[in-house]
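Build me a model:
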Amino acid sequence: MLTIKEKIAYGLGDTASNLIFQTVMMFLLLFYTDVMGLEPALVGTLFLVVRIFDAVTDPLMGAIADRTHTKFGQYRPYLLWLCVPFALISVLAFTTPQWPYGMKATYAFVTYALLMLVYTAINIPYSALGGVMTKDPLQRVSLQSYRFVFGMLGGLIIAAGTMPLVELLGKGDVQKGYQLTMALMGVLGMVLFLFCFFGTKERVKPNASLAAPAISSDFKLLFKNSQWRILSLVGVFLLTGQVLKASLAVYYVKYYLQMPEMVTPFVTLGMVASILGCACSSWLASRICKVKAYISLQVTAALLCALAFFVGQQQWQWAFALFALWSFFLQMATPLLWAMMADTIDYGHLTTKRRVTGMVYSSVVFFIKLGIALGGAIAGWLLSYFGYQADVAQSEQTQYGISLSFSVLPAFGSIMVAYLMRNYLLDGPYMISVQTQLSELKRQ
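Predicted coordinates for the structure are as follows:
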């Protein structure tokens, strides 16, 4: 049984991750277009190229983590080793050099690629750590609920604090403000990763005799796992829609609702609703089959997302309410998804007689990051397609495009997720059977 103290320690690791991840999701597109001065279409391509590169490194990092053996365990050491580089590179990514346009674009590509690389190197082992802290399926949901509640707290800090800190620390210099804000967030993230490292313990051990086969064999095992294949596709569609909406939230408030002063309250409300949704996930899973709950939550999120298209520019209260409800129901589903990843590891262990924890997490995250790449790229391309220009009054066509891209288009992602999950088998009774058979195998 995991203690509350250990669950909190694990959750603080996601607070640290989200101090950077949520900044990238909410503000990096705006930073590149409105602060660094890059063209939206270029930024869209940048997001696609870098995030696909980043995604490709995930399975490799998972394989490396699975083959790591230290006195601290397989996955925890990376929190200690990489927390400082993570903080330093996050500052570089939000620094604007006073260079010609072409050199600035190159700088953006390089620093963003480095940021995503170090994020992968620390976050893949962190994610895999959740799969080896306990075998209990309900405890896994609880652990992931703590993780995402604390992760969203990191997002709340970013949503509520970024723009005020940029103004306060920059004192009128927006470029300096972003740089100093990220320095502050980087130091805080480094400290929280250390809390996570010292406060957690790995309990599910790999079979030592099978610990280091060829990496190619890991990939073969993955593709034999039908439930892993489903979650991988889910990751693509889910994050494409989610990141498209998150990336355009600032533009929606600033240019469609025409209320730039309400950007911080809008994204902050979404984060508060997300935290509440994550907090309710464990309660929901203890009463309803988590697979059925996940499908229902995705359908609900899709409907709420699409309804935003019918909100008029003067109906800002409805825009806020629908965004909060969408955030609540979508994020209530998130811990369920990560708990299901742990279940697919057990399922694969039973069917293939090998446990590849890091590879499963990293490969699903590969597809999640593919979705992130597509969502961010599509956001930039759509802004360019609809004629967006930074810091000027937008045309009616551009405002219409921002509204459409923020509402109807992201809803398709959740609809596809609900459709794919119809074939997912690992519900509660099935997992009880899997755990029983694994226990029998261990005694043999």
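
I'd like the distance from stretch 266-280 to the chain centre, please.
Offset of stretch 266-280 from its chain centre (CA atoms, centre = their mean, to the nearest Å): 14 Å.

Next: stretch 392-406.
26 Å.

Show me which residues of it are buried.
394, 398-399, 401-406 (16 or more other CB atoms under 10 Å). (C-beta placed from N, C-alpha, C; glycine too.)

Now distance to Phe223 too, for those, in a markdown table please.
Shown next, in a markdown table, are the buried residues of stretch 392-406 (distance: CB to CB, whole Å):
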| residue | distance to Phe223 |
| --- | --- |
| Gln394 | 46 |
| Thr398 | 43 |
| Gln399 | 45 |
| Gly401 | 39 |
| Ile402 | 40 |
| Ser403 | 40 |
| Leu404 | 37 |
| Ser405 | 34 |
| Phe406 | 36 |
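
With these in mind, say which one has the least confidence in the model.
Ranked by pLDDT, the buried residues of stretch 392-406 bottom out at Gln394, which scores 92.

from memory that residue sits against Tyr388, does it?
Yes - Gln394 lies in contact with Tyr388 (CB atoms under 8 Å); the separation is 6.6 Å.

Now list whatever residues contact both of those two.
Common neighbours of Gln394 and Tyr388, using CB atoms under 8 Å, 6 or more residues apart in numbering, are 255, 402.

Just the terminal-to-terminal distance for stretch 391-399.
13 Å (CA to CA, to the nearest Å).

chain center to it: distance?
For stretch 391-399 - counting by CA atoms, centre = their mean - the centre lies 30 Å from the chain centre.

ditto for stretch 222-231
Distance, centroid of stretch 222-231 to centroid of chain: 20 Å (CA atoms, centre = their mean).

looking just at contacts, which helices and strands does the worst-scoring helix or strand of the chain on mean pLDDT meet?
Using mean pLDDT, DSSP states H and E, the weakest-scoring helix or strand in the chain turns out to be helix 215-224, at a mean of 76. Counting contacts by 3 or more CB pairs under 8 Å, 6 or more residues apart in numbering; DSSP states H and E, helix 215-224 is packed against helix 40-66, helix 316-352, helix 357-385.

10 Å - rerun?
helix 40-66, helix 226-251, helix 316-352, helix 357-385 (3 or more CB pairs under 10 Å, 6 or more residues apart in numbering; DSSP states H and E).

Quickly note the distance from the closest residue to Tyr252 other than its chain neighbours to Cys83.
Distances taken as CB to CB, 6 or more residues apart in numbering put Phe406 closest to Tyr252, at 4.5 Å, once the chain neighbours are dropped. Phe406 sits 35 Å away from Cys83, going by CB to CB, to the nearest Å.

Check Met421 too.
Met421 is 35 Å from Cys83, by CB to CB.

Likewise for Ile89?
From Ile89 to Cys83 the distance is 11 Å (CB to CB).

what kind of secondary structure is Gln258 in?
coil (DSSP: H, G, I helix; E, B strand; the rest coil).

So Val149 sits against Asn18, correct?
No - taking contacts as CB atoms under 10 Å, Val149 lies outside contact range of Asn18: 11.0 Å.

Could you report the neighbour count for Lys245?
Neighbour count of Lys245, defined by other CB atoms under 10 Å: 27.

Next up, the contacts around it.
Lys245 is in contact with 25, 252, 270, 305, 308, 323, 326-327, 330, 375, 379, 405-407, 409-411, 413, counting by CB atoms under 10 Å, 6 or more residues apart in numbering.

can you check Ala306 too?
Contacts of Ala306 (CB under 10 Å, 6+ apart): 322, 326, 407-412, 414-415.

Out of those, which is nearest to Thr120?
Distance to Thr120 across the contacts of Ala306 (CB to CB) is lowest for Pro410, with 24.5 Å.

For the closest one, give its distance to Asp54.
Distance of Pro410 to Asp54, computed by CB to CB: 21 Å.

Which one's more surrounded, those two?
Pro410 (28 against 22).

pretty sure Glu354 is in contact with Ser217, am I right?
That one is not Glu; residue 354 is Arg. Yes - Arg354 lies in contact with Ser217 (CB under 10 Å); the separation is 8.2 Å.

shaky segments in the stretch 301-444 of the chain?
Along the stretch 301-444 of the chain, segments meeting pLDDT under 70 span 443-444.

what does the stretch 101-250 of the chain give?
206-215.

mind redoing it with 50?
Residues of the stretch 101-250 of the chain meeting the criterion pLDDT under 50: 209-211.

TSV for the contacts of Ala306, including secondary structure and distance to Gly189?
As requested, the contacts of Ala306 are arranged in TSV below (DSSP: H, G, I helix; E, B strand; the rest coil; distance: CB to CB, whole Å):
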residue	secondary structure	distance to Gly189
Leu322	helix	31
Trp326	helix	27
Ser407	coil	32
Val408	helix	35
Leu409	helix	32
Pro410	helix	28
Ala411	helix	32
Phe412	helix	33
Ser414	helix	29
Ile415	helix	34
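
What are the buried residues along stretch 290-302?
Result for stretch 290-302 [16+ other CB under 10 Å]: buried residues 290-291, 293-295, 297-302.

Could you report the separation of the nearest residue to Leu248 once chain neighbours are set aside from Gly11?
Nearest non-adjacent residue to Leu248, counting by CB to CB, 6+ apart: Phe406, 4.6 Å away. In this view, Phe406 and Gly11 are 30 Å apart by CB to CB.

what's the answer for Phe86, then?
Using CB to CB, Phe86 is found at 17 Å from Gly11.

Of those two, give the one with the bigger neighbour count.
Using other CB under 10 Å as the criterion, Phe86 and Gly11 rank with Gly11 on top: 28 against 24.

Helices of the stretch 101-250 of the chain, residue ranges please.
Using DSSP state H, counting those that start in this stretch, the helices of the stretch 101-250 of the chain run over residues 101-129, 137-170, 174-199, 215-224, 226-251.

mind pulling up the phi and psi values for Phe72?
phi -90, psi -10 (degrees, to the nearest 10).

neighbours of it, just the number please.
17.

pLDDT value on it, please?
Looking at Phe72, its pLDDT stands at 91.
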